[in-house]
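Novice: Show me how the following folds:
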Amino acid sequence: MARSTLVEISVRQVEIVAHTLAQELMEWNEPIPAFNTRFPDRLESCLKTPFQKFAGRSLYRGLVGKGATLFYLMIKNHPFQNGNKRVAVMTLLYFLHKNSWWLTVDNDDLYVFANAVAKSPSESSRKEIRRIRSFIRKFMVRRSVSVR
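Specialist: Numbers count the residues shown, from 1 in each chain. This is a model prediction of the structure:
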């Protein structure tokens with residue numbers, strides 16, 4: 001994968017795209033509360049952490065590292081009252097889409113994977129993020145059209 005500037009996603013994009021799609025496509029008889037009921041600052045932290053730097057170097061390397069960290073934090077930090085795993089799935093897909101990649105995994109399988117992440121012990125976060133990175137690498141494919 002060539003080095004390039006990765007496109008970050010904003011709180012507004014999560015609201016308009018990921019949260020809305022999760023509500024429309026993944027409610028499964030368990031409603032996702034309105035976006036404005038989210039916990040203040042948690043979502044912002046989930047979106048910014050993967051792009052943190054120390055001494056000029058990214059703490060989370062590349063698209064896969066940033067995507068895995070984003071997915072993990074969206075699940076474990078609970079920015080929403082309910083639907084965190086479903087919104088995390090859509091946020092990861094949107095993040096990959098914005099950076100010209102996609103996952104060739106069934107949404108239901110991705111949600112089952114998200115459930116496993118949610119059940120993982122917090123003290124093994126590094127191990128879990130490595131597992132998420134492997135999962136993303138296994139199913140990611142390059143999109144033919146760049147969307148910014």
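Novice: Can you give me the neighbour number for the closest residue to S45 other than its chain neighbours?
Specialist: Setting aside the residues directly before and after it, S45 is nearest to N77 in space (Cβ to Cβ, 6 or more residues apart in numbering), at 6.7 Å. For the C-beta atoms, the positions are set from N, CA and C on the backbone; glycine is no exception. Using other Cβ atoms under 10 Å, N77 is surrounded by 16 other residues.
Novice: for S120, same thing?
Specialist: Neighbours of S120 under the rule other Cβ under 10 Å: 18.
Novice: Let me see the contact set for it.
Specialist: By Cβ atoms under 8 Å, 6 or more residues apart in numbering, the residues touching S120 are E128.
Novice: Next, find the distance separating it from K127.
Specialist: Separation of S120 from K127 (Cβ to Cβ, to the nearest Å): 8 Å.
Novice: can you list contacts of the least confident helix or strand in the chain by mean pLDDT?
Specialist: Within the chain, no helix or strand scores below helix 20-25, which has a mean of 89 by mean pLDDT, DSSP states H and E. For helix 20-25, contacts defined as Cβ under 8 Å, 6+ apart pick out P31, I32, G83, R86, V87, V89, M90, Y94, N107.
Novice: switch to 7 Å and redo it
Specialist: I32, G83, R86, V87, M90 (Cβ atoms under 7 Å, 6 or more residues apart in numbering).
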